[in-house]
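*Asks:* below: sequence and its predicted model.
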Amino acid sequence: MPIALVDCNNFYVSCERVFNPKLEGKPVVVLSNNDGVAVSRSAEARALGVNMAEPWFKFERLAKKHGIIALSSNYTLYGDMSARVMSILSTFSPKQEIYSIDECFLDLSGFPSDSLVNYGQKIRQTVKRNVGIPVCVGIADTKTLAKLANHCAKKGFAGSDGVCDFGRLSDAERSKLFASIPVGDVWGVGRKIAEKLLTMNIKTVEDLKTASPERISSQFSVVLVRTQQELNNVPCIELEDAGAPRQQIMVSRSFGTTVTALEDLSESVAYFATTAAGKLRQDGSVAASVCVYLHTNPFKENEPQYQQSKIVPLSQPSDDTTRLVKAALAGLKAIYRSGLDYKKSGVMLMGLQPKGSIQPTLFDDTDKQAKSDNLMHVMDSINRKMGKGSLTIAASGLGHGWAMRRDKMSPNYTTDWNELPIAT
Amino acid sequence: MTTGFASPADDYLEGRLSLDALLVQNREATFFVRAKGDSMVGAGISDGDLLVVDKSLNPISGNIIIAVVDGELIVRRLIEREGKIILQPENPDYKETEFKEGSELQVWGVVTATIKRFG
């Protein structure tokens, strides 16, 4: 069953370049809002030695010397461009799993195997032409291999022109290729695991693929056992189809730095709930419950791990930011444990239904409901006019410690009438 | 319990006309761009007008397009004449740009409509 992984090339930088072609061919870095580390870099910036997750202050001198352009991240823009890319990609397969803002898996079973490379090229050309974003396509029989094929496509291994289909390689060619790739480049093999593998003399992808399964399972968790099987063409990780109509709205972020305090988490959770509520009203829906979740960094295997979620039902379906924020914060309080380094939190609105369809209950206060509708309407229209986040619920904080630095941010080219690209 | 008669128009209800549906053929590939200056005034594009740009279309001679020239977006009419590609302004005060063999014209998108607001 062939699977494609389509991944946008340095997505954030590519988004910026679509609207600011002057950035083409220049070293460009996009910095995270939280702590100013590089989260996307152009090939030119990479060649100059800027590393991913490297803080700005560390390469500021290098940047000055070589004229590296640093931009703050504009997630409004990236979010819209991502939605466009994903929507286009969804037309290439009946089954799509959106894996992150800039990559998705496509189920290509049923396509003739000798035409997959051409199909991959068609995907690339269509996305490039329609939205201006360059993508690479990796094709293989398992998700882990598709990820690896994409990695090869990006690096130009195996003579692939932005598309790499492992199905086109003979066993010998594949072995040779795998023997040239460090084991740490495999999806799911973090730094810690790679280091441990190294001590066992498992250095390359080929080493891991051909290692004795008993040896792997005796030393590592079932996750790596599955990874090894996937490298051997045995699918273990299923494609999660999220193509169904929107049943939930999710807003979540990984934190740039780990967050420990309940106050900081509360602020981010309130912010997520506020953002999700805005989306909900845009859809003309109400939510029946609010799910909040948080987890520590699963890749830091030596640190205490915790992940928990809680669903808080609402007394009646609502689209009121204040109610949703309150529910989300109550949920957070219930699952929060102190003394842990949290990496990610999120809010999901569930049980969505059209606003007009809800049954009033005996306990509804219709007067209060009308007032709340007015407030939300005013809030949305001010945010539309004055820019997102002009008016929020106080719990979502003012100076976001976990989301600052937006001084070099590009305009919202696609979501704000006052910030459109200009043609002379 | 419902009372009274159903509206006789119920069976004939159709979606109300939407400018978005009329002007946007390909949602994912459509972007809005603001025109600045008077280089295309002869084509009815004035300073401040809104341009509807579809990136998915293949430009053909005669189309009004957004092109990238020296890193800037410009709006011009695309003309193919005697094997040459020309970006033609619609204002005698502006010069046309000719693309000779070897120099590549970078098309950003095809302008499919312009929207003017009065007042």
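*Replies:* Good, I have the coordinates. Remember, predicted model here, so these are calculated numbers, not experimental data. Numbering: from 1, shown residues only, chains lettered A, B, ... in the order given.
*Asks:* any idea of the mean pLDDT for whatever helix or strand A:Asp373 lives in?
*Replies:* Applying DSSP states H and E as the criterion places A:Asp373 in helix A:366-386. Helix A:366-386 carries an average pLDDT of 66.
*Asks:* and the next helix or strand past it?
*Replies:* Per DSSP H and E, the first helix or strand lying C-terminal to helix A:366-386 is strand A:422-423.
*Asks:* mind listing what A:Gly25 touches?
*Replies:* Shown in contact with A:Gly25 (CB atoms under 8 Å, 6 or more residues apart in numbering or on different chains): A:Glu44. In this view, the C-beta of every residue, glycine as well, is placed from N, C-alpha and C.
*Asks:* how about a cut-off of 10 Å?
*Replies:* Residues counted as contacts of A:Gly25 (CB atoms under 10 Å, 6 or more residues apart in numbering or on different chains) are A:17, A:42-44, B:71.
*Asks:* separation between B:Pro92 and B:Ile79?
*Replies:* 16 Å (CB to CB, to the nearest Å).
*Asks:* out of these two, which sits in the busier spot?
*Replies:* Ranked by neighbour count (other CB atoms under 10 Å in any protein chain shown), B:Pro92 and B:Ile79 place B:Ile79 first, with 15 against 7.
*Asks:* could you verify that the more buried one is part of a helix?
*Replies:* No: counting by DSSP: H, G, I helix; E, B strand; the rest coil, B:Ile79 is not part of a helix but strand.
*Asks:* how far away is it from chain A?
*Replies:* 18 Å (CB to the nearest CB, to the nearest Å).
*Asks:* close enough to count as contact, that residue and B:Asn63?
*Replies:* Yes: between B:Ile79 and B:Asn63 there is a contact under CB atoms under 10 Å: 9.4 Å.
*Asks:* near chain A, anything from the helix or strand bottoming out on mean pLDDT in chain B?
*Replies:* One helix or strand of chain B scores below all others by mean pLDDT, DSSP states H and E: strand B:97-99, with a mean of 88. No: contact between strand B:97-99 and chain A is absent, the nearest approach being 12.5 Å (criterion: CB under 10 Å from any CB of the partner chain).
*Asks:* what lines up beside that strand in the sheet?
*Replies:* Applying DSSP bridges, strand B:97-99 is found paired with strand B:84-88 (antiparallel).
*Asks:* report how many residues lie close to A:Trp224.
*Replies:* Actually, residue A:224 is Leu rather than Trp. A:Leu224 - counted by other CB under 10 Å - has 20 other residues nearby.
*Asks:* and it, how far is that from A:Gly190?
*Replies:* The gap separating A:Leu224 from A:Gly190 is 10 Å, by CB to CB.
*Asks:* so where's the chain uncertain?
*Replies:* Here I'm looking at chain A. A:33-35, A:158-160, A:241-247, A:357-371, A:377-379, A:381-407 (pLDDT under 70).
*Asks:* that's the wrong chain, I wanted chain B
*Replies:* Within chain B, the segments meeting pLDDT under 70 span B:1-4, B:6, B:101.
*Asks:* how about the strands of the stretch 201-350 of chain A, start to end?
*Replies:* A:249-259, A:285-296, A:307-318, A:342-350 (DSSP state E, counting those that start in this stretch).
*Asks:* I should have written chain B there, sorry.
*Replies:* All strands of chain B, identified by DSSP state E, fall at B:30-35, B:50-54, B:64-69, B:72-81, B:84-88, B:97-99, B:106-115.
*Asks:* so which bits of the fourth one are buried?
*Replies:* Okay, so that is strand B:72-81. If you call a residue buried by 16 or more other CB atoms under 10 Å in any protein chain shown, then strand B:72-81 has these buried ones: B:73-78.
*Asks:* what of the fifth one?
*Replies:* For strand B:84-88, burial by neighbour count (16+ other CB under 10 Å) applies to B:85-88.
*Asks:* quick one, what contacts A:Leu77?
*Replies:* By CB under 10 Å, 6+ apart, the contact set of A:Leu77 is A:12, A:15-16, A:18-19, A:409-416, A:419.
*Asks:* pull out the buried members of the residues you listed.
*Replies:* Listed as buried from the contacts of A:Leu77 are A:12, A:15-16, A:18-19, A:409-414, A:419; burial here means 16+ other CB under 10 Å.
*Asks:* nearest to A:Ala172, out of the strands of chain B?
*Replies:* strand B:106-115 (42.0 Å; CB to CB).
*Asks:* quick one: work out the angle between that closest one and strand B:30-35.
*Replies:* For strand B:106-115 against strand B:30-35, the angle by axes from the mean of the first three to the mean of the last three CA atoms, to 10 degrees is 80 degrees.
*Asks:* what lines up beside strand B:106-115 in the sheet?
*Replies:* Neighbouring strands of strand B:106-115 in its sheet, by DSSP bridges, are strand B:50-54 (antiparallel), strand B:64-69 (antiparallel).
*Asks:* what residues of it count as buried?
*Replies:* Neighbour-count burial for strand B:106-115, counted by 16+ other CB under 10 Å, picks out B:107-112, B:114.
*Asks:* let's see that strand as PDB, backbone CA atoms only.
*Replies:* Written as PDB, here are the backbone C-alpha positions of strand B:106-115 (Å, rounded to 0.1, in the frame of the first residue of the first chain):
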ATOM      1  CA  GLN B 106       8.000  35.200 -13.500                       C
ATOM      2  CA  VAL B 107       4.200  35.200 -13.400                       C
ATOM      3  CA  TRP B 108       2.700  35.500  -9.900                       C
ATOM      4  CA  GLY B 109      -0.900  35.100 -11.000                       C
ATOM      5  CA  VAL B 110      -3.600  36.100 -13.400                       C
ATOM      6  CA  VAL B 111      -5.900  39.000 -12.600                       C
ATOM      7  CA  THR B 112      -9.500  37.800 -13.100                       C
ATOM      8  CA  ALA B 113     -11.400  40.800 -11.800                       C
ATOM      9  CA  THR B 114     -11.000  44.200 -10.200                       C
ATOM     10  CA  ILE B 115     -13.200  45.700  -7.500                       C
END
